[in-house]
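Trainee: what would the 3D arrangement of this be:
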Amino acid sequence: MPRIPIAKQGLPYIFGITVLLILLLFLGWKFLTVLALILTVLVVNFFRDPERVSPQIPHAVLSPADGKIIFVGPVSEERFLSKEALKISIFMSIFNVHVNRIPCAGEVESIHYEKGTFFAASLDKASQKNEHNAVIVRTPEGEKIVFVQIAGLIARRIDCWLQPGERVKQGERFGMIRFGSRLDVFVPTNSHLAVSKGQRVRAGESILCYHPPKN
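Mentor: Prediction:
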C-alpha cells in the first residue's frame, strides 16, 4: 500500500481544518471559506513528508533539515562537547519540509531537552536561549556528532522520536518542529565542509561536511 506523504503528527490539524472548511462551505460564507481553503493548503504543505534517497558516502554528514544555511564556522561548544567544533546552522521557514532526518549513522549516546524562550530562530541567540533538544550520536569511527532542534518564534512543539542507546541509520526520520524553526549541527573541527552560508539544503540528501576517519 503506498505511503501517504504526510507526517502523522499533522493529521489532527488537517482533519480539524478540513472539517471547518466543509462547514463554512455548507454555510455559504464565501470569504471565510476561501481563507479556510488557503489555511488548509498551508497546513498540508507544512506537514508534507516526502520520501528521500540518502547518498551512501563514507564519513559524510547529511543535513538534518530542509532550509537555508545561516551560519558556518568554528565555535566553542561547551554544553555538549566541551571543546571546539564546527557549527552549521539551518533555518527552516514555514514553507520548508519540517520532518528532521539523521545526519550520520551510529548510536544515540544521549539526548538533552531544555525549556527556553522563543526568539526568532534566525537570530544567533536562539541557539543558546530558545527551547531546544540536542541529540548526540557516536559514529562507528568514535566521533561525536551533535544536532540540536531549536524552537523558533512561532514554534511551540519539538518532537524527537529517538531514545538513548538506539542505533540509527543515516537519513532516517527522527523528529520535527512545529511551526518554523532551526537545526544546529556540531562536527569535529577537522571536518571538510561541503556547504557555505546562504546555501539551501534538503534533509537526508544534502551533504554538509565529511568528518575524517580516525587513524
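Trainee: quick check: bridge partners of the residue lying closest to residue 193 once chain neighbours are set aside?
Mentor: Spatially, and ignoring its direct neighbours in sequence, residue 193 is nearest to residue 209 (4.9 Å; CB to CB, 6 or more residues apart in numbering). All C-beta spots, glycine's among them, are computed from the backbone N, C-alpha and C. The residues listed as beta-bridge partners of residue 209 by DSSP bridges are residue 61, residue 193.
Trainee: mind listing the helices for the protein?
Mentor: Along the chain, counting by DSSP state H, helices occupy 11-27, 30-46, 126-129.
Trainee: with mean pLDDT added, can I get these in CSV?
Mentor: CSV is the format used below for those (pLDDT from 0 to 100):
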stretch, mean pLDDT
helix 11-27, 84
helix 30-46, 83
helix 126-129, 65
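Trainee: out of the ones you listed, deepest packed?
Mentor: helix 126-129 (a mean of 18; mean count of other CB atoms under 10 Å).
Trainee: re the thing from before, quick one: the residue nearest to residue 193 and residue 72, what's the gap?
Mentor: 9 Å (CB to CB, to the nearest Å).
Trainee: next one: residue 112
Mentor: In terms of CB to CB, residue 112 sits 23 Å off from residue 72.
Trainee: give me the more crowded residue out of the two.
Mentor: Per other CB atoms under 10 Å, whichever of residue 112 and residue 72 has more neighbours is residue 72, with 18 against 13.
Trainee: domain-wise, how is the chain divided?
Mentor: 8-46, 60-210 (automatic domain parsing).
Trainee: lowest-confidence stretch among those?
Mentor: Of all those, the minimum mean pLDDT falls on domain 8-46 (a mean of 83).
Trainee: neighbours around the nearest residue to residue 86 once chain neighbours are set aside, how many?
Mentor: Nearest residue to residue 86, sequence neighbours excluded (CB to CB, 6+ apart): residue 187, at 5.1 Å. Using other CB under 10 Å, residue 187 has 26 other residues around it.
Trainee: hmm, residue 187 is touching residue 84, no?
Mentor: No: the pair residue 187 / residue 84 is not scored as a contact, 11.1 Å apart, by CB atoms under 8 Å.
Trainee: could you give the average pLDDT over stretch 47-56?
Mentor: 84.
Trainee: shared neighbours, residue 209 and residue 72?
Mentor: 86, 88, 193, 195 (CB atoms under 8 Å, 6 or more residues apart in numbering).
Trainee: doesn't residue 192 make contact with the first one?
Mentor: Read it as residue 86. No: taking CB under 8 Å as the definition, residue 86 is not a contact partner of residue 192, at 9.8 Å.
Trainee: the more surrounded of the two?
Mentor: Of the pair residue 86 and residue 192, residue 86 is the one with more neighbours under other CB under 10 Å, namely 22 against 14.
Trainee: need the contact list for the more buried one.
Mentor: 72, 73, 74, 75, 186, 187, 188, 189, 191, 193, 209.
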